[in-house]
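[1] whatever this is, show me its structure:
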Amino acid sequence: MNKRLWAALIAAAVTLTSTAVVPCNYEKIVTSAAQKKPNGSAEVADTSTDGRTTAGGFTFSINGTEAMITGYSGTATELNIPTKITVTKPNSSSSNSGGSIKAPADSANSTDYNVTSIGSNAFSGHLGIKTVTMSGGTDKDGKLFGLRTIGERAFFACQDLATITIASTTTSIGNFAFADCVALNSIKVADGNQRYKIIDGALYYYTAGTGTGAYSLEQYPIGNTAKEYKVPDTLATTLTEIGEGAFWGSQNLESISLTSTVKKIGERAFAECRKLTSISMPSGVTSIGVEAFKGDHSLEQVTIPEAVTVISVGMFQDCAALKTVNMSADVKMISNRAFQGCKAMTEFVVPANVTMIGDQAFAQCEALKQVTIPAKTTSIGSGAFSGTTVTVLCHNGSQAAVYAANNGLTLERTYTVSFYTNSSYSNVISSQEVVEGKDAVPPQVEERAGYRMSWSGDYTAIRQDTRVYQVWKKLFAVTFVDNFNGRTEVVQVDEGGVATPPEWTMNGYSLSWDTDLNDEIYSDTTIHAVWQNDSTGDVIDTDIVKPKKKGKELTKGNYIYKVSSAKAENPTVKFTGLVNAQVSTVKIPETVSIGGVRYTVTAVSANAANGNSMISSVIINKNVTSISAKAFYNCTNLKKVKLKSKSITKINKRAFSNIHAKVKFYTYNSQIGKYRVMLRNSGVKKPRVKRL
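    As a prediction, the model looks like this:
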């Protein structure tokens with residue numbers, strides 16, 4: 001009989017809404033129960049006449065009253081997994097005589113089986129299927145029905161499969177069930193499922209109510225176009241595991257970031273993620289499964305968390321771009337094929353505590369030129385370095401040396417350099433194999449506040465096994481201060497050591513210090529610079545701070561000044577204005593201290609308070625020698641001016657012009673005549689000068 005016709009008849013039979021009898025000429029009697037559209041709670045029926053294959057093309061096995069889907073031979077692209085299979089056997093009393101067809105007289109030959117599981121590999125590698133819908137729920141009689149279990153690799157490598165709907169009744173999904181389904185971009189879980197949940201498009205298994213308990217990422221939709229995966233915020237503290245094959249075959253992911261709660265990464269979790277260049281694994285990860293990163297062709301660098309002690313079988317196999325793998329000294333085993341085919345790797349240092357290197361661990365690492373193997377490695381598997389031209393660096397007489405000799409590998413002798421925390425050599429920090437004559441690289445150690453660490457011995461130009469330990473010396477701060485030039489430098493000195501001063505210079509001066517630099521340091525110390533003039537021999541007091549440069553504007557309180565002389569022995573400034581002009585009294589001080597320097601105030605600048613109608617009183621103290629043009633011009637409310645300085649030699653033009661008509665000037669009796677003339681010459685018509 002034509003197979004295509006037979007398939008069409010079976011498909012037609014599945015859609016019947018009542019029992020139908022296929023003519024005996026077609027060799028089979030196919031009975032089909034009513035079938036509803038799957039909606040997550042509706043039963044989906046199928047029929048079988050041989051107890052092995054259904055009308056819809058499903059193969060199955062029976063256990064009691066339950067059936068398991070074991071395979072599929074149909075051609076549907078939108079696949080509905082049946083929840084019930086009715087098996088009908090031909091009634092032996094039916095007759096085909098005379099060409100007539102009679103329906104079975106005895107319905108006892110029909111048996112219903114509840115489909116509760118999909119077997120391992122049931123649909124594995126099946127092309128053409130685009131959607132799969134699995135159903136479950138409560139039937140019209142109030143009884144539960146539907147899929148509970150999906151077996152391992154059930155839909156593995158169904159490369160046209162884009163959409164999956166998982167039943168609310170499903171409580172177990174086997175490893176790699178949907179792995180390598182490269183078109184998969186939509187995973188759905190029917191409402192009410194107590195074990196599986198979709199979050200940001202990915203399938204998670206959880207052990208308690210929504211949002212609580214521990215979560216495991218079971219399947220990422222690898223057909224998704226996103227380039228980055230980050231753990232959803234809702235799972236930041238509950239995701240503990242990346243399931244087996246969860247990202248296997250992702251076509252687009254370039255980076256993956258996991259949270260600190262993740263403890264386990266399953267087998268082949270990230271295998272064949274060909275664009276993956278970056279993965280961030282938290283320190284809490286304790287195990288990474290077989291072939292976890294196999295075939296990740298773009299991955300160049302990986303850091304293995306410190307708690308991982310076994311590099312599992314094929315973990316980085318065929319990672320063609322991989323150059324660097326950072327591992328802790330606690331790694332004890334490099335398993336079979338762990339780095340096989342890592343063609344970009346040029347150098348590898350086996351961690352000091354590795355005891356076994358597996359079969360073909362570094363086979364076909366074509367660029368690998370050098371591998372360092374510690375003395376603790378006592379087992380090296382068959383073909384560990386086949387297909388390489390590697391040079392083995394190892395202890396003379398070690399198992400690695402014997403292996404190299406027996407397998408025709410180039411050998412260089414090494415020595416063990418060990419770094420310890422104490423002089424009793426009871427606590428090792430790290431050990432490394434160093435080629436004869438080369439230098440060891442000391443480990444990074446945590447700093448200790450207030451101390452400097454050094455090593456007890458030399459670890460350079462190694463020619464024998466060497467042990468060194470940490471030596472901690474208390475540190476003291478030595479502060480070198482140059483007040484005159486406004487500079488400071490702090491150096492840390494070991495207890496009992498001597499300080500090395502900074503190399504400061506200043507034109508025309510020689511530098512010395514106020515403390516003997518040969519004194520041993522046993523406390524925090526401050527040392528001051530002493531400057532001596534090369535021409536005069538004069539010494540600048542160590543407490544003197546260098547004045548600001550001439551012309552530099554300075555502010556003290558509400559007053560603005562400008563440096564008029566930067567000579568260290570007598571720096572001067574002139575008053576130039578106010579920060580806030582809303583004041584009634586202006587008092588020019590004798591001196592002003594700014595930035596550690598005491599400046600003498602010797603002048604009032606031109607236009608210093610020009611036009612300030614708020615000022616009613618001005619006091620000019622004894623060090624002022626000149627008042628420049630228009631200093632207080634147009635201060636129309638200025639009624640009182642006290643000239644306390646006996647040193648004023650010049651009051652410039654219009655310094656006090658256009659001020660209050662009844663203004664009075666006050667000064668010492670000895671200066672009244674002189675200042676009256678100066679004021680008149682500056683533009684005050686009839687200056688009234690009175691005694692202070």
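[2] for stretch 318-331, buried residues please.
    Neighbour counts over stretch 318-331 (16 or more other Cβ atoms under 10 Å) mark 318, 319, 320, 322, 323, 325, 327, 328, 329, 331 as buried. No exception for glycine: its C-beta is placed from N, CA and C like everyone else's.
[3] any chance you could list what contacts it?
    Stretch 318-331 is contacted from outside by 293-304, 306-311, 316, 339-346, 348, 351-354, 430-431, using Cβ atoms under 8 Å, 6 or more residues apart in numbering.
[4] in strands, which of those appear?
    Using DSSP state E, the members of these that fall within strands are 301, 302, 303, 310, 311, 348, 430, 431.
[5] the buried residues of stretch 318-331 in strands, which ones?
    Per DSSP E, the subset of the buried residues of stretch 318-331 in strands is residue 325.
[6] and the least confident of the buried residues of stretch 318-331?
    Among those, residue 329 has the lowest pLDDT, at 88.
[7] before we move on, the earlier item: now render the buried residues of stretch 318-331 as TSV, adding distance to residue 367.
    What follows is the buried residues of stretch 318-331, written out as TSV (distance: Cβ to Cβ, whole Å):
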residue	distance to residue 367
318	14
319	13
320	10
322	11
323	9
325	14
327	19
328	25
329	25
331	22
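[8] returning to what we had before: mind giving me the ChimeraX command for buried ones among the contacts of stretch 318-331?
    A single ChimeraX command selects the buried members of the contacts of stretch 318-331 (16+ other Cβ under 10 Å):
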select :293,294,295,296,297,299,302,304,306,308,309,310,311,316,339,340,341,342,343,345,348,351,352,353,354,430,431
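[9] gap between residue 339 and residue 173?
    Between residue 339 and residue 173 the computed distance is 32 Å (Cβ to Cβ, to the nearest Å).
[10] and for residue 192?
    Distance from residue 192 to residue 173, by Cβ to Cβ: 16 Å.
[11] those two - which one has more neighbours?
    residue 173 (23 against 13; other Cβ atoms under 10 Å).
[12] for the more buried one, which non-adjacent residue is closest in space?
    Nearest-residue entry for residue 173: residue 150, 4.6 Å, with adjacent residues in sequence omitted and distances by Cβ to Cβ, 6 or more residues apart in numbering.
[13] show me what contacts the one you found?
    So residue 150 contacts 117, 118, 134, 166, 170, 172, 173, 174, 177 (Cβ under 8 Å, 6+ apart).
[14] dump these to TSV, plus secondary structure.
    Converted to TSV, the contacts of residue 150 look like this (DSSP: H, G, I helix; E, B strand; the rest coil):
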residue	secondary structure
117	strand
118	strand
134	strand
166	strand
170	coil
172	strand
173	strand
174	coil
177	coil
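[15] wait, what's in contact with residue 361?
    Residue 361 makes contact with 334, 335, 336, 337, 338, 339, 340, 381, 384 under the criterion Cβ under 8 Å, 6+ apart.
[16] cutoff 7 Å now
    Contacts for residue 361 were tallied using Cβ atoms under 7 Å, 6 or more residues apart in numbering; they are 334, 336, 337, 338, 339, 340, 381, 384.
[17] just the pLDDT at it, thanks.
    pLDDT, residue 361: 98.
[18] return the backbone torsion pair for residue 280.
    phi -110, psi 110 (degrees, to the nearest 10).
[19] now it: how far from residue 259?
    For residue 280, the distance to residue 259 - Cβ to Cβ - is 9 Å.
[20] quick one, grab the pLDDT at residue 219.
    pLDDT for residue 219: 97.
[21] just the ones in strands among the contacts of stretch 318-331 now: which is nearest residue 392?
    Minimum distance to residue 392 across the ones in strands among the contacts of stretch 318-331 is 10.6 Å, recorded for residue 348 (Cβ to Cβ).
[22] quick one, which of residue 280 and residue 259 is more surrounded?
    Neighbours were counted for residue 280 and for residue 259 using other Cβ under 10 Å; residue 259 has more, 18 against 12.
[23] secondary structure element for that one?
    Per DSSP states H and E: residue 259 is located in neither a helix nor a strand.
[24] Three-state assignment for residue 598, please.
    Applying three-state DSSP to residue 598 yields a three-state assignment of strand.
[25] so who does it touch?
    Residue 598 touches residue 591, counting by Cβ under 7 Å, 6+ apart.
[26] look up the residues forming beta bridges with it.
    residue 593 (DSSP bridges).
[27] with residue 117 instead?
    residue 68, residue 149.
[28] in three-state terms, label residue 401 for me.
    Classification of residue 401 using three-state DSSP returns helix.
[29] please apply the same query to residue 510.
    Taking three-state DSSP, the label given to residue 510 is strand.
[30] from residue 501, how far out is it?
    14 Å.
[31] spit out the contact partners of the residue nearest to residue 667 when sequence neighbours are not counted.
    Spatial nearest neighbour of residue 667, chain neighbours left out: residue 643 (4.2 Å); criterion: Cβ to Cβ, 6+ apart. Counting by Cβ under 7 Å, 6+ apart, residue 643 touches 620, 665, 666, 667, 675.
[32] beta partners for the first one?
    Going back to what we said before, that points to residue 620. Residue 620 forms beta bridges with residue 588, residue 643, as assigned by DSSP bridges.
[33] contact partners for it?
    Counted by Cβ under 7 Å, 6+ apart, residue 620 has contacts 588, 604, 642, 643, 644, 645.
[34] give me the pLDDT for the second one.
    According to the predicted model, the pLDDT of residue 604 comes to 97.
[35] picking that back up, what subset of the contacts of residue 150 is buried?
    117, 118, 134, 166, 170, 173, 174, 177.
[36] let's have the residues you listed in TSV, adding pLDDT.
    Listed next are the buried ones among the contacts of residue 150 as TSV, based on pLDDT from 0 to 100:
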residue	pLDDT
117	97
118	98
134	96
166	97
170	96
173	97
174	95
177	96
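[37] can the ones in strands among the contacts of stretch 318-331 go into TSV with extra columns for distance to residue 437 and pLDDT?
    Formatted as TSV, the ones in strands among the contacts of stretch 318-331 follow (distance: Cβ to Cβ, whole Å; pLDDT from 0 to 100):
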residue	distance to residue 437	pLDDT
301	30	95
302	32	96
303	31	95
310	34	97
311	30	97
348	21	96
430	21	89
431	18	86
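[38] for the nearest residue to residue 664 once chain neighbours are set aside, give its distance to residue 52.
    Of all residues not flanking residue 664 in the chain, residue 688 sits nearest, at 5.1 Å (Cβ to Cβ, 6+ apart). Distance, residue 688 to residue 52, using Cβ to Cβ: 130 Å.
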